[in-house]
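Participant: sharing a model that was predicted from the sequence below.
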Amino acid sequence: MRYLFFGVFSIFILTINIACTEDSEYIVKADFIYFNDTNYVIELISSAKINPNSSLKISFEGEGSKTTDHNSYVPPYPFGDGTVIKYDDIKCDFLNPGTKAGRGEGPSGIQNYEFKKISERYYEFTFRFTEADFEQAENCN
């Protein structure tokens, strides 16, 4: 009986040790803030417009690993092939996405955001649309 107890106890301790070393899912949070530093209304997608000299904040909460850092995040909009950012319907910026999720030009690439760590697995990302972005965009026609 003593050996049975010792065997069961050993298996229990081994199971706890293995379970505690796995990389479980953790809650990750992010705030994505888009600033429009231009004199034009910016349309990211049909339902998201940013007036001149104002901002748009999008909050995200999901699951990630214990080791999630700022490079693990992907911008919230589907900035993929065919995505167009419009400036007052005068100029259009046709984004060139990268081959990996979260990589690419403008707001499609997480590397193009300024970031601030709020707490463990919680970041604030900031992207600014500037007059230079407007100047580089093409005519929409």
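Facilitator: That came through fine.

Participant: part of a helix, is Lys86?
Facilitator: No: the assignment for Lys86, made by DSSP: H, G, I helix; E, B strand; the rest coil, is strand rather than a helix.

Participant: bridging residues for the nearest residue to it once chain neighbours are set aside?
Facilitator: With sequence-adjacent residues excluded and distances taken as CB to CB, 6 or more residues apart in numbering, Lys86 is closest to Glu43, at 4.2 Å. (C-beta placed from N, C-alpha, C; glycine too.) Residues in a beta bridge with Glu43, per DSSP bridges, are Lys49, Lys86.

Participant: cool, and Phe94?
Facilitator: Listed by DSSP bridges, the beta-bridge partners for Phe94 are Val84.

Participant: equivalent analysis for Ser55, please.
Facilitator: Ser55 has the following beta-bridge partners by DSSP bridges: Phe35.

Participant: from Lys117, how far off is it?
Facilitator: From Ser55 over to Lys117 the distance is 20 Å, taken as CB to CB, to the nearest Å.

Participant: which stretch of helix or strand covers Glu135?
Facilitator: For Glu135, the host element (DSSP states H and E) is helix 131-136.
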